[in-house]
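J.: build the 3D model from these lines:
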Amino acid sequence: IQLVESGGDLVQAGGSLRLSCAASGFSFSSYAMTWYRQAPGKERELVATVTTGGGTTTYTDSVKGRFTISRDNAKNTVYLQINSLKPEDTAVYYCNAYRKLGRYENNYWGQGTQVTVSS
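T.: Model (predicted):
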């Protein structure tokens, strides 16, 4: 089971990035996918979630209108399009896969990709 994030970079404020998370080893299409981020000295926070079919997305308030989460179940990949980057978006971004079936839960994490925004 693997979740491999990519796409992080050093960018100037106002720029854009597209993060990707490639999944393998589990039934990707049956998992809700979420992007989290963790800035230095801060707790990990939920950024955006997409449901199994991609039909429903939710975002934390601070990224609404700037971030877009999407998934391609044929490619076992989830994306995070980040526009209008701000210095406060600087963090390690993590991909998470979650499924609950009855009383059983599966929860997988990637290793993270660094996003650094310069002012």
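
J.: does T58 touch A48 like I think?
T.: Yes: counting by CB atoms under 8 Å, A48 is a contact partner of T58 at 6.8 Å. For glycine as for every other residue, the C-beta is placed from the backbone atoms N, C-alpha and C.

J.: these two: who's more crowded?
T.: A48 (23 against 13; other CB atoms under 10 Å).

J.: and the strands in this protein?
T.: With strands called from DSSP state E, the chain shows them at 2-6, 10-12, 17-24, 32-38, 45-50, 57-59, 67-72, 77-82, 91-101, 104-109, 113-118.

J.: show me what the residue minimising distance to the centre of the chain is bridged to.
T.: Centroid-nearest residue in the chain, with CA atoms, centre = their mean: W35, separated by 2.4 Å. Beta-bridge partners recorded for W35 (DSSP bridges): A48, C95.

J.: so for it, what's the pLDDT?
T.: Note for W35: predicted pLDDT of 98.

J.: same thing with G53?
T.: Confidence score, pLDDT, at G53: 89.

J.: ditto for C95
T.: So C95 comes in at 98 (pLDDT).

J.: so what's it up against?
T.: Counting by CB atoms under 8 Å, 6 or more residues apart in numbering, C95 touches 3, 5, 21, 23, 33-36, 78, 109-110.

J.: farthest-apart pair in those, please.
T.: Maximum pairwise distance in those, criterion CB to CB, is 15.3 Å, between A23 and Y36.
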